[in-house]
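Visitor: What shape does this take:
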Amino acid sequence: MSVGVAAEDHARSLRERGFTVFERAYDPAWVASLRADLVGLYEELGRPPLHDPGHRELAPGIELCAAGLAVHSLLAQRPAWAATLLRPEVVASIGDLLGDDMVLEVAGCVISDRARPFFAWHSHVGGVDDGVHRRRGIWPVVHGAERVMCLLYLQDLGDDAGPMLVLPRAAGDPAGPPFDCSLDRWPGQVELRPPAGSVVAIEQCTWHAIRRMQGPGLRMFVGTTFAARTTAPAGFVDRDLGRWAEASPLLASVVAEG
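Guide: Predicted coordinates:
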């Protein structure tokens, strides 16, 4: 779906299929500028290897993990982006699903490269990852759409950068994995190859995977997580987002008080 699609249609896709795509939601020049800034951050950190199956802290709020280099609070590192980080059409569509009083829990980013292998099927039920549910073998019952992750990609998702695989599901469907998570292909999967500047929005229980990069360079996305006001807070919530609320009325509208 493109950004010209009505907010209610994006919300319907999230409710009925578990995902939607806002193609080219961000201007190419804006994307290139943010990407260059994140390359600078990576260089400031000493250009570390971008894959670690464990968790290794590089600096407060920045760690290496299986996903790559994870920056838990983008605005703490690069506050200048607070004014333009969110797009009205994306916020309106997510709000149509979660309610106009939804809250922004996280605004971070992840940088990876082809050292990262196939990133196996996973979901983000609970707001972070599904590891605790895997270990227990017990999956929560989620009756409707409560939380949405928005992934803004700073490069095209072709073979070079690794496309995303998504398994459509309706809100309220069982949250557990329907197939072996280590498989590189699931029956019914959809492969997403949006251009740079696009946002892939995923309901928290939607299963997805990432193919390994085939080309050189860095793969980057900015991730924002929105939750319905009545939903229990995620495993990680950036309590400092209010520090930058004055930079943007749109940002202020989704930052929780206090």
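
Visitor: immediately after the host helix or strand of Gly108, which helix or strand?
Guide: For Gly108, the host element (DSSP states H and E) is strand 103-112. Following strand 103-112 in sequence order, the next helix or strand is strand 119-122 (DSSP H and E).

Visitor: ok, the residue nearest to Ser93 when sequence neighbours are not counted to Leu151 distance?
Guide: Among residues not flanking Ser93 along the chain, His10 sits closest, at 3.7 Å (Cβ to Cβ, 6 or more residues apart in numbering). In short, each C-beta sits where N, CA and C put it, glycine included. His10 sits 14 Å away from Leu151 when distances are taken as Cβ to Cβ, to the nearest Å.

Visitor: same deal with Arg134?
Guide: 21 Å.

Visitor: Low-confidence stretches in the stretch 51-200 of the chain?
Guide: 128-129 (pLDDT under 70).

Visitor: Let's see that with 90 instead.
Guide: 53-55, 126-143 (pLDDT under 90).

Visitor: where do the helices sit along it?
Guide: With DSSP state H, counting those that start in this stretch, the ranges of helices along the stretch 51-200 of the chain come out as 74-77, 88-98, 131-136.

Visitor: could you dump the ones you listed to a markdown table with mean neighbour count and distance to Arg185?
Guide: Below are the helices of the stretch 51-200 of the chain laid out as a markdown table (neighbours: other Cβ atoms under 10 Å; distance: least, Cβ to Cβ, whole Å):
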| stretch | mean neighbour count | distance to Arg185 |
| --- | --- | --- |
| helix 74-77 | 20 | 32 |
| helix 88-98 | 22 | 29 |
| helix 131-136 | 12 | 20 |
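
Visitor: Ok, which of those helices comes nearest Phe221?
Guide: Between Phe221 and the helices of the stretch 51-200 of the chain, the shortest gap by Cβ to Cβ is with helix 74-77, which sits at 10.8 Å.

Visitor: Pull out the buried residues from the lengthiest helix in the chain.
Guide: When the chain is parsed with DSSP state H, its longest helix is helix 28-44. By neighbour count on 16 or more other Cβ atoms under 10 Å, the buried set for helix 28-44 is 31, 34-35, 38-39, 41-42.

Visitor: Tell me the one among those residues nearest to Phe226.
Guide: Nearest to Phe226 among those, counting by Cβ to Cβ, is Leu34 at 19.7 Å.

Visitor: Check the gap between the closest one and Ala209 for me.
Guide: Where Ala209 is concerned, Leu34 sits at a distance of 25 Å (Cβ to Cβ).

Visitor: so Ala7 sits right up against Asp100, yeah?
Guide: No. Applying Cβ atoms under 8 Å as the test, Ala7 and Asp100 come out as separate, 11.1 Å apart.

Visitor: more neighbours, the two?
Guide: Taking neighbours as other Cβ atoms under 10 Å, Ala7 and Asp100 compare with Ala7 leading, 17 against 11.

Visitor: circling back: which strands and helices lie in contact with the strand holding Gly108?
Guide: helix 28-44, strand 68-71, helix 74-77, strand 219-227, helix 249-254 (3 or more Cβ pairs under 8 Å, 6 or more residues apart in numbering; DSSP states H and E).
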